[in-house]
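# Pasting the sequence and the predicted model now:
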Amino acid sequence: MQKEILIVGAGFSGAVIARELAVAGHNVRVIDSRDHIAGNCYSHRDEKTGVMVHTYGPHIFHTDNKEVWDYINSHCNMMPYTNRVKATVNNQVFSLPINLHTINQFFGKTCSPAEAKDLISSKGDASILEPKTFEDQALKFVGKELYEAFFKGYTIKQWGMEPKELPASILKRLPVRFNYDDNYFNHKYQGMPEEGYTPIVASILNHKGITVELNTHYDHESKKNYDHVFYCGPLDGYFEYRYGRLGYRTLDFEAFSVEGDYQGCAVMNYCSLDVPYTRITEHKYFAPWEQHGSSLCYKEYSRACGEDDLPYYPIRQMGEMSLLQKYLDEADQEKNITFVGRLGTYRYLDMDVTIAEALEVARHYTQAIAKDGDMPAFVINPR
Ligand SMILES: Cc1cc2nc3c(=O)[nH]c(=O)nc-3n(C[C@H](O)[C@H](O)[C@H](O)COP(=O)(O)OP(=O)(O)OC[C@H]3O[C@@H](n4cnc5c(N)ncnc54)[C@H](O)[C@@H]3O)c2cc1C
């Protein structure tokens, strides 16, 4: 029953599947086209400042899933960490997500929770009965002033689209809290790995049944040497982009360092259109247990992903979804391959969801071979 497995991609998806299948007794080869493991969660120490850097943008681990929390904790020392994001708007600093402090500061008031609720509902545009777009929804929920200050410019910069071109479903719930809770996430568990994310993935991959090869790009020729392939690369890339490219946003990071501290927090969003970047990350604030005299920061710019850029955020608007369907139909015709992860399924996935899905895919495979059954191209439906 021992199988030869190829895994394309040494990020969380590939590493977790590799580990599960190696533990089950299979021979697993993991390849990655980059010169490092950990995919987009890769972190490294900056030589000059000694600061731990989230190389591909800020990553905070948060989840409600106990199995995933236990899993990650078995591969690292997770330090207590709460993500608290600030926003600079019109030369003032506010707390995000919009909470009672933000509302009182923004409107120059001292509202109680009940008063703030009344204030926000009086601001909402009651004439919008059936919001169709993100803009309608935001205007209905919070009104023009908060929408224009916190949502409009940021959305245009992040997605390169007007909020009236985006669906209302993006803003499902009222994006406002009527208390002083400024914890960015609602999840039960949250933390930051003491030594960054790379050693976690190294620990997951550290098994005698796993070999890892970096700087190695997948080619279709090698597929025939394996019983099964788990592919964490871009779905459209696997098919040589034959129907065109699925749309992504990419990010550019402009690094700069300063003596002392720069902004006093890990993440500062810039919501106005007159500032070209979306946020500044000051990496040392992700490790408050460390001491550093100087500081390294990233200015983050978002733009359309070109052919030679790294794909970050899938756009998933109507045009992309019909293109996606063509690739899904192609993928369903393939044998002995399963597409996984954020690129293989063309979805934004947080790390905890990535790990949970990878565990699920590995279980599915183990059950499929036990019953001599087929392994589908997708264990999780990407639509
Ligand atoms: C800016 C940003 C911030 C984020 N912040 C958070 C956060 O705060 N919290 C959170 O939980 N999640 C966050 N995420 C999500 C997190 O990055 C993903 O959950 C995670 O990277 C998904 O892992 P993956 O293995 O599916 O994909 P990746 O990490 O992208 O790994 C895929 C790997 O496949 C390799 N590959 C691709 N094609 C080929 C090929 N043809 N041949 C060989 N190798 C190939 C790539 O080089 C890559 O290493 C964030 C994402 C972004 C973009």
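Okay, I see it. Numbering: from 1, shown residues only.

# Just the buried residues of the strand or helix carrying residue 122, please?
Assigned by DSSP states H and E, residue 122 belongs to helix 113-123. Buried positions in helix 113-123, judged by neighbour count with 16 or more other Cβ atoms under 10 Å: 116, 117, 119, 120, 123. For the C-beta atoms, the positions are set from N, CA and C on the backbone; glycine is no exception.

# Hmm, the first one is touching residue 103, no?
Spelled out, it's residue 116. Yes - counting by Cβ atoms under 8 Å, residue 116 sits close enough to residue 103 to count as a contact (5.0 Å).

# Now do the shared contacts for the two.
Each of residue 109 lies in contact with both residue 116 and residue 103 under the rule Cβ atoms under 8 Å, 6 or more residues apart in numbering.

# Next, the buried residues of the helix or strand harbouring residue 353.
Following DSSP H and E, the helix or strand that holds residue 353 is helix 351-370. Neighbour counts over helix 351-370 (16+ other Cβ under 10 Å) mark 351-362, 364-366, 368-369 as buried.

# Of those residues, which are in range of the ligand?
351, 352, 354 (Cβ under 6 Å from any ligand atom).

# Could you dump those residues into CSV with distance to residue 71 and pLDDT added?
Output for these, formatted as CSV (distance: Cβ to Cβ, whole Å; pLDDT from 0 to 100):
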residue, distance to residue 71, pLDDT
351, 11, 98
352, 9, 98
354, 11, 98
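
# so for the helix holding residue 122, what's the average pLDDT?
Averaged over helix 113-123, pLDDT sits at 97.

# Contacts for it, please.
100, 103-104, 107, 109, 111, 141-146, 174, 176, 178-179.

# Helix or strand next in line after it, which one?
helix 134-146.

# near the ligand, which residues of this protein show up?
Residues of the chain that fall close to the ligand, judged by Cβ under 6 Å from any ligand atom: 8-14, 31-34, 39-41, 57-61, 217-218, 232-233, 237, 251, 312, 341-343, 349-352, 354.

# what about 5 Å?
When proximity is defined as Cβ under 5 Å from any ligand atom, the chain approaches the ligand at 8-9, 11-13, 32-34, 39-41, 57, 59-60, 217-218, 232-233, 312, 341-342, 349-351, 354.

# Can you select the buried ones among those for me in ChimeraX?
To isolate the buried ones among the residues of the chain next to the ligand in ChimeraX, judged by 16+ other Cβ under 10 Å, type:
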select :8,9,11,12,13,32,34,39,40,41,59,60,218,232,233,312,341,342,349,350,351,354
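
# Now do stretch 221-240: distance to the chain's middle.
A distance of 23 Å separates the centroid of the chain from that of stretch 221-240, by Cα atoms, centre = their mean, to the nearest Å.

# As PDB, could you dump the C-alpha coordinates of that stretch?
Extracted as PDB, the C-alpha positions of stretch 221-240 are listed here (Å, rounded to 0.1, in the frame of the first residue of the first chain):
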ATOM      1  CA  GLU A 221       6.900  14.700 -17.300                       C
ATOM      2  CA  SER A 222       7.600  13.900 -13.700                       C
ATOM      3  CA  LYS A 223       3.900  13.200 -12.900                       C
ATOM      4  CA  LYS A 224       4.100   9.700 -14.300                       C
ATOM      5  CA  ASN A 225       6.700   8.700 -11.700                       C
ATOM      6  CA  TYR A 226       4.200   9.100  -8.900                       C
ATOM      7  CA  ASP A 227       1.000   7.400  -7.700                       C
ATOM      8  CA  HIS A 228      -0.500  10.800  -6.900                       C
ATOM      9  CA  VAL A 229       0.300  14.500  -7.100                       C
ATOM     10  CA  PHE A 230      -1.000  17.200  -4.700                       C
ATOM     11  CA  TYR A 231      -0.600  20.500  -6.500                       C
ATOM     12  CA  CYS A 232      -0.500  23.700  -4.500                       C
ATOM     13  CA  GLY A 233       0.500  25.900  -7.500                       C
ATOM     14  CA  PRO A 234      -1.800  28.100  -9.500                       C
ATOM     15  CA  LEU A 235      -4.600  26.200 -11.200                       C
ATOM     16  CA  ASP A 236      -4.500  28.200 -14.400                       C
ATOM     17  CA  GLY A 237      -0.600  27.700 -14.500                       C
ATOM     18  CA  TYR A 238      -1.000  23.900 -14.400                       C
ATOM     19  CA  PHE A 239      -2.900  24.200 -17.700                       C
ATOM     20  CA  GLU A 240      -0.400  26.700 -19.200                       C
END
